[in-house]
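Colleague: fold the following, please.
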Amino acid sequence: MIARHAIADALLHTPDDVGDPAARRIHLDDPYVDAKASLLHQIATANRCSAVHVVNFGWVTVFGYDRDLDAVELLAASLLAQATSAMVRHGARRDSSGRSTTRSFRRSFLMGFAARIGERLREATAGEVAATSPTH
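Modeller: Next up is the predicted model:
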């Protein structure tokens with residue numbers, strides 16, 4: 001839906017009236033900051049933006065145009081909430097010796113979630129571009 005909106009919006013504007021590129025910082029809370037940054041990178045890339053994870057400060061800086069940055073922020077908030085909810089539903093994990101494996105499970109879950117979301121966003125965007133492209 002966001003890809004469809006972005007394409008429709010782009011068709012209404014000329015290259016001269018999209019504004020200037022901008023940057024926004026998105027703070028990521030512990031734990032699993034690296035995995036959350038991976039998700040944010042996937043979202044940014046799928047929305048024509050670039051993301052840089054600043055490890056020492058706990059944020060990701062996203063570069064792009066305002067409309068695309070709005071989409072990145074909206075999707076990031078929604079998908080991080082969905083991923084957290086799914087992890088909590090899976091509960092604590094223990095190995096055969098009774099040691100907790102919850103932390104490694106959750107980090108791995110988020111990394112896999114980020115990869116799959118990236119695939120789905122790219123597929124959705126490609127589908128919307130194909131649907132709005134003139135046929136030759």
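Colleague: CA atoms for contacts and neighbours, from now on please.
Modeller: Will do.
Colleague: list the buried ones in the lengthiest helix in the chain?
Modeller: If each helix of the chain is counted by residues according to DSSP state H, the longest one is helix 102-132. Neighbour-count burial for helix 102-132, counted by 16 or more other CA atoms under 10 Å, picks out 102, 105-107, 109-111, 113-115, 117-118, 121-122, 124-125, 128.
Colleague: and the strands in the chain?
Modeller: 22-27, 50-54, 59-64 (DSSP state E).
Colleague: please report phi then psi for the residue of the chain positioned farthest from its centre.
Modeller: Among residues of the chain, the one most distant from the C-alpha centroid is Ser97; the distance is 35.8 Å, by CA atoms, centre = their mean. Dihedral pair for Ser97: phi -90, psi 0, per degrees, to the nearest 10.
Colleague: any figure for the gap between it and Ala44?
Modeller: Per CA to CA, to the nearest Å, Ser97 is found 40 Å from Ala44.
Colleague: one more: Arg93?
Modeller: Taking CA to CA, one finds Arg93 at 31 Å from Ala44.
Colleague: neighbour-wise, which of the two wins?
Modeller: Taking neighbours as other CA atoms under 10 Å, Arg93 and Ala44 compare with Ala44 leading, 25 against 14.
Colleague: what pLDDT does the more buried one get?
Modeller: What the model reports as pLDDT for Ala44 is 97.
Colleague: quick one: residues contacting it.
Modeller: The contact partners of Ala44, by CA atoms under 8 Å, 6 or more residues apart in numbering, come to 50-51, 62, 69, 72.
Colleague: any weak-confidence spans in this structure?
Modeller: Within the chain, the ranges that satisfy pLDDT under 70 run 1-18, 135-136.
Colleague: middle-most residue in it, spatially?
Modeller: Closest-to-mean residue, the chain, CA atoms, centre = their mean: Ile43 / 2.5 Å.
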